[in-house]
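Colleague: Let's see this in three dimensions:
(chains A, B, C and D)
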Protein chains: 2
Amino acid sequence: MTETVAAPPEASPCSDESAHAVSLAVSTVIFALRPHPTTGESTLWLPLVRRIRDPYRGSWALPGGPLEPHEDLAASARHTLERTAGLTPRHLEQLYSFGAVDRSPGGRVVSIVYWALVRADEVASAVDGENVQWFVADEVPQLAFDHNDIVTYALARLRSKITYSPIAHAFCADEFTLGDLRAVHEGVLRRRLDPANFRRQILAGGSVVPTGRCVTGTSHRPPALYRSQHRAPTPEEQP
Amino acid sequence: MTETVAAPPEASPCSDESAHAVSLAVSTVIFALRPHPTTGESTLWLPLVRRIRDPYRGSWALPGGPLEPHEDLAASARHTLERTAGLTPRHLEQLYSFGAVDRSPGGRVVSIVYWALVRADEVASAVDGENVQWFVADEVPQLAFDHNDIVTYALARLRSKITYSPIAHAFCADEFTLGDLRAVHEGVLRRRLDPANFRRQILAGGSVVPTGRCVTGTSHRPPALYRSQHRAPTPEEQP
DNA sequence: GGACTTCAAGTCAGAGTGACCCTTAGTGGG
DNA sequence: CCCACTAAGGGTCACTCTGACTTGAAGTCC
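Modeller: Coordinates of the predicted model:
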């Protein structure tokens, strides 16, 4: 059962014994863009679930669950997303695995964490109830386990990756203007971007293709519509 | 035991049941620099262990073992390194977690994989025996499980990260010349680098500090010695 | 002493970026 | 109907970074 066994002495204990002690969970940090409740500016939100059992009963925590034997890691994250937000992710990526011995009082738990991007308008409001609630990503309360660290790490990864990878498209509709895309970047990075420079960079990157159509009735000059260019990501962009 | 439980119905099965089915292993891709057997140029090597049981009995595989309940993930990787190469890593970092359902015939195994950098001259030759053998990283044979994919991924990560992070220092002694450091980069990237440009970039990066001393008896102009500058890594450099 | 090697420092053209300006094309108000 | 306003779209300019290249410095070896 042990997958890889080094030659030396104690290298091959019966892994069935230890399997009892370490359990495996898959959690997911789900990001969506919505207006900030006070400033109104587009900001990152994420859903949290209230724990209904010890430890940390009553605390908010990242959605997730134990890994089922029949499902892949990403599939598990996808199922969590389905339960929590009622939709399928536009972007799903493994973040990191957290396995400190003392991270879960009462039992050894290793969490493989994914992060996902979803479109806010697709979120089924039905799931937003007593035990599932959306929070501004930078203003989450005290969470169970080491989940605050995980959220911080996921935020850093997202903000880093959006600068060199076209993941922002995941927040946009099929067709979008460069203004839409820039609003996504600004919401994620919490910083205004120069429209002209942003345009230049995006067009040079080749991740978008013009559809030839424009948006009409915009109270100003009609912006051109673009579509995401589905190209194979370069190895450097992986992470 | 389930760490995070979403509200809905089937979200909380007894995790003790599933704990039997999924076992957790930690494997490590260990890199060292040594001369290539034919070309003589400095190249990446890694140790593999021969499997002594099914599945894949007799095949070469990444060193690793089951996660012990009392040890952290990185500690487990460190122990593997100790067993396999007989030393402590200069650099150790989590690579990725692999958990496809069918990746291990005969039982569901999730592998959390780390990668490490060690100095070749520190490797105890004692461990290089019947069941542990070093291979040129780009010329590994057919491996057990999905370990070829893992090696490829680890190589890509190392080659990508060395360009923006001072991890190359891990391959160097406490004091080193810029020529030494450049040789490390060239060995990893399998490409000649312009000495002058390399010098300029490294010095601009601020990751090294001059010791004031020089190497003597070098058959040419004596190069200055530098020391690694231990600075806190920026968040961008983390993943 | 001259050939040879690497270290060290500088030059130069091209690409990319941030800051800024200006024109364009629409809406809406007086 | 004209003008203010807004955002799109296009361009300039200075600065930085990079790759390619040149030159001088400081040793050893023959």
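
Colleague: what about A:His230, is that helix, strand or coil?
Modeller: Three-state call for A:His230 (DSSP: H, G, I helix; E, B strand; the rest coil): coil.

Colleague: ends of stretch A:58-66, how far apart?
Modeller: The first and last residues of stretch A:58-66 sit 19 Å apart, counting by Cα to Cα, to the nearest Å.

Colleague: scratch that, stretch A:57-69 is what I was asking about
Modeller: End-to-end distance for stretch A:57-69: 26 Å, by Cα to Cα.

Colleague: so what's A:Arg108 up against?
Modeller: A:21-23, A:101, B:69 (Cβ atoms under 8 Å, 6 or more residues apart in numbering or on different chains). Every residue, glycine included, has its C-beta placed from N, CA and C.

Colleague: Pull out the buried residues from the top helix by length along chain A.
Modeller: In chain A, taking DSSP state H as the definition, the longest helix is helix A:147-161. Judged by neighbour count using 16 or more other Cβ atoms under 10 Å in any protein chain shown, the buried positions of helix A:147-161 are A:147, A:150-151, A:153-155, A:157-161.

Colleague: Stretch A:83-99 now?
Modeller: Residues of stretch A:83-99 classed as buried under the neighbour-count rule (16+ other Cβ under 10 Å) are A:83-87, A:89-99.

Colleague: Would you tell me whether that stretch gets close to chain B?
Modeller: Yes - applying Cβ under 8 Å from any Cβ of the partner chain, one finds that stretch A:83-99 is in contact with chain B at A:83-84, A:94, A:96-97, A:99.

Colleague: Is any residue of the longest helix of chain A near chain B?
Modeller: Yes - counting by Cβ under 8 Å from any Cβ, chain B is contacted by helix A:147-161 at A:147, A:153, A:156-157, A:160.

Colleague: near DNA strand D, from those?
Modeller: Here nothing survives when the residues of helix A:147-161 next to chain B are matched to DNA strand D using Cβ under 7 Å from any atom of the strand.

Colleague: Determine which two of those residues are furthest apart.
Modeller: Farthest pair in the residues of helix A:147-161 next to chain B (Cβ to Cβ) is A:His147 and A:Ser160. Separation: 20.0 Å.

Colleague: In helices, which of the buried residues of stretch A:83-99 appear?
Modeller: Filtering these for helices - DSSP H - leaves A:83-85.

Colleague: CSV please, covering those and showing pLDDT and distance to B:Ser228.
Modeller: Listed next are those as CSV, based on pLDDT from 0 to 100; distance: Cβ to Cβ, whole Å:
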residue, pLDDT, distance to B:Ser228
A:Arg83, 91, 47
A:Thr84, 89, 44
A:Ala85, 86, 45
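
Colleague: ok, those residues vs DNA strand C, which is closest?
Modeller: A:Ala85 (32.6 Å; Cβ to the nearest atom of the strand).

Colleague: what's the closest one in contact with, if anything?
Modeller: A:30, A:32, A:47, A:118, A:123-124, A:127.

Colleague: ok, back up a step: helices and strands around the longest helix of chain A, which ones?
Modeller: When contacts are defined as 3 or more Cβ pairs under 8 Å, 6 or more residues apart in numbering or on different chains; DSSP states H and E, helix A:147-161 sits against strand A:22-35, strand A:42-50, strand A:91-98, strand A:108-117, helix A:178-189.

Colleague: if we compare those, which one ends up closest to A:Leu203?
Modeller: When the helices and strands packed on helix A:147-161 are compared by Cβ to Cβ, helix A:178-189 sits nearest A:Leu203, at 8.1 Å.

Colleague: Show me what counts as buried in the closest one.
Modeller: Result for helix A:178-189 [16+ other Cβ under 10 Å]: buried residues A:178, A:180-188.
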